[in-house]
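J.: mind folding the following:
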Amino acid sequence: MNRYLIKNAKIVNEGVIFEGDLLVENDLIVEISENISLKTSDCMIIDAEGNYLIPGVIDDQVHFREPGLTHKGDIESESRAAVAGGITSYIEQPNTVPNAVTQEILEEKYQIAAEKSYANFSFMMGATNDNLEEVLKTNPKNVAGIKIFLGSSTGNMLVDDEAVLEKIFSCTNMLIAVHCEDEQTIKNNLEKYKEEYGEDVPVTAHHLIRSEEACYLSSSKAVALAKKTGARLHVFHLSTAKEMELFTNKIPLEEKKITAEVCVHHLWFTNDDYETKGNFIKWNPAVKTANDRKALWEALNDGRIDVVATDHAPHTLEEKKQKYLQAPSGGPLVQHSLVAMFEAYHQGKISIEKIVEKMCHNPAKIFKIEKRGFIKEGYFADLVIINSGLPWGVKKENILSKCGWSPFEGFTFKSRITHTFVNGKLVYSGFKVKDIRAGQRLLFDREN
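T.: From the prediction side, this is the model:
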């Protein structure tokens, strides 16, 4: 029997922090109490020494690059980085090669992950202008949702046929997650900057090309379509103050038909950072202004934004070092997202209880993930111990993503993850990932 007793932890769950012990047997949490006494011969005892014990983070948006783009990252390398970062479950996006736009290709990704993933996994089914029949075959019990690109980001998955969009929104009860940027607005802005700079457009123009207007036009259209059709909409990686008016905190999360996500990089960086970070903070949607960042923090804390994720999307150093127009958008974040949010806690921007709500509880609620995202008896033992006073610096040698770089390189975080459990197995301790591929396919508490 796989048995761990975690003692003297500050357990964070459902808005409360309480000191206590927790017992793991096989893959489940079996007891939570003020004091659990067992002999060391009966189990492995871990003294948490007053550090925080939180549910494993559920990252609802990653790009792990397998199949087809594995020179940048793969399920094995990126899920290793994830568990080192306290992420025990992830939802991966369909713009791999080939795109996951048929049930057959989608299932192939699940087969790869079943063999290689250190963390729990689910994969989104991709929508295109002409695969509605395939989309509607998706099983809501074992697939996270349908992903629609309303602006082209990477790959050729742009859905711009209005009739098709309305059909998808009308015909499925599954959660529809969207990337919102208006394609025509971006094209017009890009032409304007090319007229001025030719092929040497500076990266400092990125947030003006992929502008506030491009984001708002697209996200407002998606929200209007969801309201019209009654679809269950989840809007990925919001980046502007203006978009915040589209979302509400007037009803409980469980009753929301339209939910919202923000990513760590939009909470951390601003357009001023393009001067020093260049293409290493080039994302789609773009990192915007300090005013946008401030509005995102306000909306996150007041409940208009429901989830914090990463949009982890590695590219090689060589790719990122190209000129702005050639360099791809995206960067690695899974290893550092939780400690980055704890950094924000140290800065007084957010409470630890709220971090757990937005990174653990709410993704589980939004996607209706079975028995994960909370510290409860009978739930899977996806757990993270984090020492909020153990500084460490990000450097090349300790970056686990295959691409080998991070936008946080050179930064010293105040908090450090000491242990990560996935399904009751200790996959990360002593600042090393153990060779235990403990990930399971996520299941969803939904009707067929």
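J.: mind listing what the closest residue to Ser351 other than its chain neighbours touches?
T.: Nearest residue to Ser351 in three dimensions, chain neighbours excluded: Tyr345, at 6.7 Å (C-beta to C-beta, 6 or more residues apart in numbering). (Each C-beta comes from the backbone N, C-alpha and C, glycine too.) Counting by C-beta atoms under 8 Å, 6 or more residues apart in numbering, Tyr345 makes contact with Ser351, Ile352, Ile355, Ser388.
J.: what about the third one, distance to Asp272?
T.: Going back to what we said before, that points to Ile355. Counting by C-beta to C-beta, to the nearest Å, the gap from Ile355 to Asp272 is 25 Å.
J.: if you count surrounding residues, which of the two has more?
T.: Ile355 (22 against 12; other C-beta atoms under 10 Å).
J.: show me what contacts the more buried one?
T.: Neighbours of Ile355 in contact, by C-beta under 8 Å, 6+ apart: Ile54, Val308, Leu338, Met341, Phe342, Ala344, Tyr345.
J.: distance between the host helix or strand of it and the chain's centre?
T.: Using DSSP states H and E, Ile355 falls within helix 352-356. The chain centroid and the centroid of helix 352-356 are separated by 16 Å under C-alpha atoms, centre = their mean, to the nearest Å.
J.: output that helix as CSV, nothing but the C-alphas.
T.: Only the C-alpha atoms of helix 352-356 are listed here, as CSV (Å, rounded to 0.1, in the frame of the first residue of the first chain):
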residue,chain,number,x,y,z
ILE,A,352,-3.3,32.5,-0.4
GLU,A,353,-6.9,31.4,-0.1
LYS,A,354,-7.7,33.3,-3.3
ILE,A,355,-4.8,31.8,-5.2
VAL,A,356,-6.1,28.3,-4.3
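J.: can you pull out the strands in the stretch 51-200 of the chain?
T.: 52-55, 57-62, 87-92, 120-123, 125-126, 146-149, 176-179 (DSSP state E, counting those that start in this stretch).
J.: and the first one, what's buried?
T.: By 16 or more other C-beta atoms under 10 Å, the buried positions in strand 52-55 come out as Tyr52, Leu53, Ile54, Pro55.
J.: helices or strands up against it?
T.: The criterion is 3 or more C-beta pairs under 8 Å, 6 or more residues apart in numbering; DSSP states H and E, and the helices and strands that strand 52-55 contacts are strand 3-13, helix 352-356, strand 383-387.
J.: what's the first one packed up against?
T.: When contacts are defined as 3+ C-beta pairs under 8 Å, 6+ apart, strand 3-13 sits against strand 16-25, strand 44-47, strand 52-55, helix 352-356, strand 383-387.
J.: now, of the ones you listed, which is deepest in the fold?
T.: Most buried of these, by mean neighbour count (mean count of other C-beta atoms under 10 Å): strand 52-55, with a mean of 26.
J.: pairing partners for it, with directions?
T.: strand 3-13 (parallel), strand 383-387 (antiparallel) (DSSP bridges).
J.: by contact count, what packs against the longest helix seen in the chain?
T.: Identified as the longest helix of the chain according to DSSP state H is helix 212-229. Applying 3+ C-beta pairs under 8 Å, 6+ apart, we find helix 212-229 packed against helix 162-171, strand 176-179, helix 183-197, strand 233-235, strand 258-263.
J.: what comes up buried for that helix?
T.: Within helix 212-229, the residues that count as buried by 16+ other C-beta under 10 Å are 212-223, 225-226, 229.
J.: just give me the closest of the residues you listed to Asp445.
T.: Among those, Ala226 lies closest to Asp445 (C-beta to C-beta), at 21.6 Å.
J.: any idea how far the closest one is from Thr128?
T.: 19 Å.
J.: likewise for Met359?
T.: In terms of C-beta to C-beta, Met359 sits 31 Å off from Thr128.
J.: repeat for Met44
T.: In this view, Met44 and Thr128 are 49 Å apart by C-beta to C-beta.
J.: tell me the pLDDT of the nearest residue to Val307 once chain neighbours are set aside.
T.: Take Val307 and drop its neighbours on the chain: the residue closest to it by C-beta to C-beta, 6+ apart is Glu261, 4.3 Å away. pLDDT for Glu261: 98.
J.: likewise for Pro94?
T.: 96.
J.: touching, it and Asn131? I think so.
T.: No. Using C-beta atoms under 8 Å, Pro94 is not in contact with Asn131; the gap is 10.5 Å.
J.: looking only at neighbour counts, state which of the two leads.
T.: Per other C-beta under 10 Å, whichever of Pro94 and Asn131 has more neighbours is Pro94, with 24 against 19.
J.: quick one: that one from Asn13, how far?
T.: 32 Å.
J.: and Ala113, by the same measure?
T.: Distance from Ala113 to Asn13, by C-beta to C-beta: 28 Å.
J.: so which of those two has more stuff around it?
T.: Legend: neighbour count by other C-beta under 10 Å for Ala113 and Asn13, higher for Ala113 (26 against 20).
J.: just give the nearest non-adjacent residue to the more buried one, would you?
T.: Phe121 (4.4 Å).
J.: what does Glu19 give?
T.: In space, Glu19 comes closest to Lys10 once its chain neighbours are excluded; the distance is 5.9 Å by C-beta to C-beta, 6+ apart.
J.: so who does the closest residue to His63 other than its chain neighbours touch?
T.: Leaving aside its sequence neighbours, His63 sits nearest to Ala313 (C-beta to C-beta, 6+ apart; 4.2 Å). Applying C-beta under 8 Å, 6+ apart, we find Ala313 in contact with Val62, His63, Thr154, Trp283, Ser329, Gly330, Gly331, Pro332.
J.: which residues of the stretch 51-200 of the chain score low on pLDDT?
T.: Within the stretch 51-200 of the chain, the segments meeting pLDDT under 70 span 151-156.
J.: I would like the residues contacting the helix or strand containing Leu208, please.
T.: Assigned by DSSP H and E, Leu208 belongs to helix 206-209. Applying C-beta under 8 Å, 6+ apart, the contact partners of helix 206-209 are 186, 189-190, 193, 201, 271, 274, 282, 286-289, 324.
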